[in-house]
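S.K.: sequence and predicted structure, then a few things I'm wondering about:
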Amino acid sequence: MPQGQFPHPQMPPQAPMPGHPGMGHAPAMGQRYAPLEEENRDKGEKPLPSISVQAFCDRQETAHCINETTRDWRMKRTNVKIYMGGLPAAIEFYRKENTPSLIIIESGMRGDELFNQLEQLASVCDEGTKVVMIGAANDIRLYRQLMDQGVSDYLVPPLHPLHVIRALGELYADPDQPFIGRVAAFFGAKGGVGSSSLAHNTAWVLSETLMQETALIDLDASWGTTGLDFSYDNMSGLEEALGEPDRLDETLMDRIMIRHTEKLSILPTSGSLNTKPVMESASYEAVVNAVRGISPLSILDLPHYWTDWTTNVLTSVDDVVITSTPDLAGMRNTKNLIEFLKTQRPNDPDPILILNCVGMSSKTEITVKDFGAMVGHDPDIVIGWDPDSHFQATNEGKMLSDIKTAASTVEGLAYLANRLRTGSFNARGKADVAPTKKGLLSIGGGKSDKPKADGKSMFSFLKKDKG
C-alpha cells in the first residue's frame, strides 16, 4: 500500500450530515442509552461478520459507547477489544502487533499533526485493515481529506452505540446483495394464546389491506398451522429450507416459497411427526437471512420453544410481537420475556405486546391495568374473547377479514400491521380503558372515530407511539 494511506473500503461511505451521528450527550458510565427512533423502515439489519475490532479511545465516554456495542445482537460474532490512549497508543501498539480487521481510533487533533500521525499508523497497518476515525469536529473538508487517505469512515460525537454499529455494518455490506428486508417474529408467552393465528392474519392484512409485499414463514416444523389456515396440505417448505442451510440463498428460498397472492408469499410446514425438528441455530439463521433477501417485510410464526435457535431468532429480528392472555402464567411468562428481550436487545424497540382473549373470564382474569403494571409494559393491543369468529375462520379455511363478526379484531390487526410497516402506531390518541357490559374493552381516540362495539371482539390501543 502507498506510504501514508490505508486500504480504501470496497464501498465509499456517505459524507456525515450535520449532527450525525448522535443523540444528545453521551450517558455517564453505568447509564443506558436512550433508544433511537427508526431512521429507515425500508431496510432491515444483519449481524456483522466474524471480525476482530480494536478501538483506541481518548475519552472514557467513547470507550463506554463502544463497550455498549458489544451487548448488541448485531455484534455477536465480532471480537472487540478497547484500549485508551487514542491515535498515539495505536501507533505504538501496532509497531509490535499485527493489525485486526478493523481499527477504531479517536483523536481530537487536526491539521498537519493529525495527518502525520495517520501516516505513521498507515505504515504499520497490514494490507486489508479498515480504519474508522472518531473525531471532534463535523467538518466535511476534513472528512474528504480522511477519505483520500483511505480512512473508511469518520464519526463525530455525541455517539450512540447503534450509530457506531450501523457505520461498521456499512463497511461490510455485500455490494451484490444490498437489499435487506425487515423481519418481525410472533411468539406466544405460553402455548394456546393465539400467537400463530394473529401472525397469519397480520400477514394477510399487511399484504391484502395495506398492499405491503409480505412473506409469512412458519417455523414450527412439528405443529405448524400455516398450511391449515391457508389450505395447503402436505407442504414441506420449511423442512426443505432447513435441510440445505449451506445451499440456501435468495434464489433457492424464492423457489421453495409459495406465492399465495400477488403480495403474500408463504413458507409452510408439513406439521408432521415423522421426522424430528431441526434444532441447529445456524439452519434457522440461514432461513431468516434468505428471506431478508427476497421480501421487504417478513412475519415469522415461532413455536413456543425456549431453545438456542428460538432465542437467537428473537434477539436478531427487527420487531418482536408477544401474545399473552390475562392469567397468572401468561403474566409471569410475559414479564420474563420482556425482561430478557430488553437485556438482549438494548438498542432495539421494546417488544410489542398483544393481550388476547380478554373477557373470557372477566370475574377472575387479571385486569389489563394490573397486567401492564406487573409486567412493566402496558399492552399495545387488547383483543377480546371471540371464539366463534376464530373457530369459523379456522374450520372454513378463511381469514378473519372474511368473518363479519371479527371486524373489530381485524381493525386491531391493521393497527398492528401499520406499526410493523411504518415503525409507529397511528396517532389516534391513547385509548380510554373502559369496560363494556360484556366485560370487554372499547376503543379510545375520540367519539367521532369510535367504532361501534359488536359485543364480541373489542380491542384497545394502549400506546400512542412506540417508535
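M.R.: Alright, I've got the coordinates.
S.K.: any idea of the pLDDT on Val433?
M.R.: Note on Val433: pLDDT of 30.
S.K.: got it, and Thr202?
M.R.: pLDDT at Thr202 comes out at 96.
S.K.: cool, and Ile66?
M.R.: Looking at Ile66, the pLDDT reads 95.
S.K.: and for the one 10 residues further on?
M.R.: At Lys76 the predicted local confidence, pLDDT, stands at 92.
S.K.: now it, nearest residue through space, not along the chain?
M.R.: Closest residue to Lys76 apart from its sequence neighbours, by CB to CB, 6 or more residues apart in numbering: Pro47 at 5.8 Å. Bear in mind the C-beta positions are built from the backbone N, C-alpha and C, glycine included.
S.K.: Validate this expectation: the one you found resides in a strand.
M.R.: No. Counting by DSSP: H, G, I helix; E, B strand; the rest coil, Pro47 is not found in a strand; it is coil.
S.K.: wait, it sits on Thr315?
M.R.: No. If you go by CB atoms under 8 Å, Pro47 and Thr315 don't touch, sitting 10.3 Å apart.
S.K.: just read off the phi/psi values of the closest residue to Thr405 other than its chain neighbours.
M.R.: Distances taken as CB to CB, 6+ apart place Ser389 nearest to Thr405, at 4.7 Å, with adjacent residues excluded. As for Ser389, its main-chain torsions (degrees, to the nearest 10) stand at phi -60, psi -40.
S.K.: wait, Ser389 touches Thr409, no?
M.R.: Yes. Counting by CB under 8 Å, Thr409 is a contact partner of Ser389 at 6.9 Å.
S.K.: follow-up on the earlier one: since we're on the residue nearest to Thr405, how many residues are nearby?
M.R.: 21 (other CB atoms under 10 Å).
S.K.: now the element after the helix or strand harbouring Lys369, going C-ward?
M.R.: Using DSSP states H and E, Lys369 falls within helix 368-375. Once the chain leaves helix 368-375, the next helix or strand it forms, by DSSP H and E, is strand 381-384.
S.K.: now that following strand: average pLDDT?
M.R.: On average, strand 381-384 scores 92.
S.K.: now stretch 94-113
M.R.: For stretch 94-113, the per-residue pLDDT values average out at 92.
S.K.: could you list the residues in contact with it?
M.R.: 51-59, 62, 66, 86-87, 90, 114, 117, 121, 124-126, 128-137, 139, 142, 152, 168, 171 (CB atoms under 8 Å, 6 or more residues apart in numbering).
S.K.: now do that stretch: distance from first to last residue.
M.R.: Length of stretch 94-113, first residue to last, CA to CA, to the nearest Å: 19 Å.
S.K.: before we move on, what about stretch 47-65?
M.R.: Using CA to CA, one end of stretch 47-65 lies 18 Å from the other.
S.K.: show me which residues of it are buried.
M.R.: Residues of stretch 47-65 classed as buried: 47-48, 51, 53-59, 61-65 (neighbour count, 16 or more other CB atoms under 10 Å).
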